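Undergrad: sequence? don't have it. structure:
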């Protein structure tokens with residue numbers, strides 16, 4: 001049984017700018033919990049109890065949130081990458097911390113228990129998950145024969161392709177290979193160079209997969225994850241509120257009279273909705289938000305302290321921390 005994992009969470013998340021201007025990418029919200037918390041919970045379900053997290057950029061914010069892992073019933077160990085020298089260098093820093101087979105995840109990838117268990121069938125070997133996309137130009141395109149990796153071409157191949165899903169199972173052989181690779185033309189140590197030097201099994205990822213590389217990817221991931229929420233009321237719902245579908249309502253949040261809600265919708269703590277507001281499917285209010293009178297929000301994420309207080313429309317959009325929309329502001333797509 002595989003009980004250890006490594007999460008690569010040291011990057012700056014430049015493609016997610018401006019959302020990462022004041023939030024580390026692994027802490028971006030994904031249906032009520034951060035991306036990295038969603039990964040930890042999935043690993044826990046797969047019986048992983050020791051998680052090594054590689055941190056660098058804004059590292060204190062990550063460690064402050066996650067702590068030692070006690071609140072997730074796992075043990076968390078932090079590995080610091082002071083200088084970003086590529087994914088190969090990142091994985092190599094874990095050599096002194098692991099001593100057997102371990103999962104390795106890119107910090108911006110969704111994962112679930114089912115796929116981790118699929119990967120664990122190759123315990124003791126090196127394996128990687130692959131998935132199919134309509135356009136492979138932004139990914140590592142994978143070729144394999146009889147389930148064994150034969151090549152990876154990093155970015156630039158357009159059209160439908162099988163790609164590296166960013167989820168691995170490693171043994172100690174990966175560290176031996178990492179010690180022999182040279183810097184790429186980008187001046188980095190590439191993990192893919194070490195993979196090619198080994199016998200690597202390719203495992204097809206089953207179900208919804210998403211690389212959360214850009215802001216619109218966060219919206220897509222939330223659209224999927226919000227369908228898994230539980231219907232729960234920890235706040236206050238006044239009379240004359242019409243609710244259809246599932247709604248999670250956080251502590252000290254209130255839905256005021258005249259509000260119409262079409263779930264699934266996730267509302268965090270200390271939020272005020274209404275009176276006479278309209279929340280539509282896919283809406284995420286992270287915490288301390290206000291959606292006021294005659295405001296409508298559809299399939300959007302409001303980060304902490306963001307407000308659409310009166311006569312606003314927000315559709316298929318992300319509103320960053322502490323943003324306040326003036327009366328009549330409309331934002332869509």
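TA: Structure received. Bear in mind that the values here come from a model prediction, so they are computed numbers and not experimental data.
Undergrad: quick one: low-confidence ranges for the chain?
TA: Scanning the chain for pLDDT under 70 picks out 156, 185, 187.
Undergrad: Against residue 29, how distant is the residue nearest to the spatial centre of it?
TA: Note on the chain: the residue nearest the mean C-alpha position is residue 35, at 3.3 Å, using CA atoms, centre = their mean. Distance, residue 35 to residue 29, by CB to CB, to the nearest Å: 8 Å. Every C-beta, even on glycine, is put in place using the N, C-alpha and C of the backbone.
Undergrad: repeat for residue 281
TA: Distance, residue 281 to residue 29, by CB to CB: 17 Å.
Undergrad: quick one: which of the two has more around it?
TA: More neighbours surround residue 29 than the other of residue 281 and residue 29, with 25 against 17 (other CB atoms under 10 Å).
Undergrad: residue ranges of the helices in the stretch 101-250 of the chain, please?
TA: 113-120, 173-178, 191-196, 215-225 (DSSP state H, counting those that start in this stretch).
Undergrad: Show me which positions of the last one end up buried.
TA: This means helix 215-225. Residues 215, 217-219, 221-225 are the ones in helix 215-225 that count as buried (16 or more other CB atoms under 10 Å).
Undergrad: Tell me the one of the residues you listed nearest residue 7?
TA: The shortest separation between residue 7 and any of the buried residues of helix 215-225 is 16.6 Å, and it belongs to residue 221 (by CB to CB).
Undergrad: so that closest one makes contact with residue 211?
TA: No. Using CB atoms under 8 Å, residue 221 is not in contact with residue 211, being 9.4 Å away.
Undergrad: ok, so of the buried residues of helix 215-225, who is nearest residue 152?
TA: Nearest to residue 152 among those, with distances taken as CB to CB, is residue 217, at 21.4 Å.
Undergrad: Please report how far the closest one lies from residue 257.
TA: When residue 217 is compared with residue 257 (using CB to CB), they lie 37 Å apart.
Undergrad: and what of residue 193?
TA: Using CB to CB, one gets 62 Å for the distance from residue 193 to residue 257.
Undergrad: So for those two, which sits in the more crowded spot?
TA: A count of neighbours by other CB under 10 Å puts residue 193 above the other of residue 193 and residue 257, at 21 against 12.
Undergrad: in which helix or strand would I find residue 62?
TA: In this structure, residue 62 is located in helix 59-66 according to DSSP states H and E.
Undergrad: Next up, the contacts around residue 32.
TA: 229, 248, 266, 268, 284, 286 (CB atoms under 8 Å, 6 or more residues apart in numbering).
Undergrad: so the first one makes contact with residue 266?
TA: Yes. With contacts counted by CB under 8 Å, residue 229 reaches residue 266, the gap being 5.5 Å.
Undergrad: which residues do those two both contact?
TA: Among the neighbours of residue 229, those also in contact with residue 266 (CB under 8 Å, 6+ apart) are 31-32, 248.
Undergrad: Nearest to residue 124 among those?
TA: Out of these, the member with the shortest distance to residue 124 (by CB to CB) is residue 31, at 34.5 Å.
Undergrad: What residues does the closest one make contact with?
TA: Residue 31 makes contacts with 38, 221-222, 225-226, 228-229, 266, 284, as judged by CB under 8 Å, 6+ apart.
Undergrad: again, but for residue 177
TA: With CB under 8 Å, 6+ apart as the criterion, the residues that contact residue 177 are 194-195, 197-198.
Undergrad: mind running it again at 10 Å?
TA: 88, 92, 126, 191, 193-198 (CB atoms under 10 Å, 6 or more residues apart in numbering).
Undergrad: next one: residue 73
TA: Contacts here follow CB under 10 Å, 6+ apart; on that basis residue 73 touches 40-41, 44, 49.
Undergrad: do the same with residue 120
TA: If a contact means CB under 10 Å, 6+ apart, then residue 120 has 1-2, 46-48, 101, 103, 127, 169, 203 as its contacts.
Undergrad: Ok, residue 329 next?
TA: Residues in contact with residue 329, defined by CB under 10 Å, 6+ apart, are 295, 308-314.
Undergrad: what's the answer for residue 93, then?
TA: Going by CB under 10 Å, 6+ apart, residue 93 touches 6, 8, 10, 52, 54, 79-82, 85, 178.
Undergrad: Now, of the residues you listed, which are buried?
TA: 6, 8, 10, 52, 54, 79, 81, 178.
Undergrad: Among the contacts of residue 32, which one is most surrounded by other residues?
TA: Neighbour counts for the contacts of residue 32 were taken using other CB under 10 Å; the highest belongs to residue 284, which has 29 neighbours.
Undergrad: Beta-bridge partners for it, please?
TA: In this structure, residue 284 bridges to residue 266, residue 301 when assessed by DSSP bridges.
Undergrad: Do I have it right that it meets residue 301?
TA: Yes. Here residue 284 lies in contact with residue 301, judged by CB atoms under 10 Å, at a distance of 4.5 Å.
Undergrad: Which residues are in contact with each of the two?
TA: By CB under 10 Å, 6+ apart, residue 284 and residue 301 have these common neighbours: 29-31, 218-219, 222, 266, 318.
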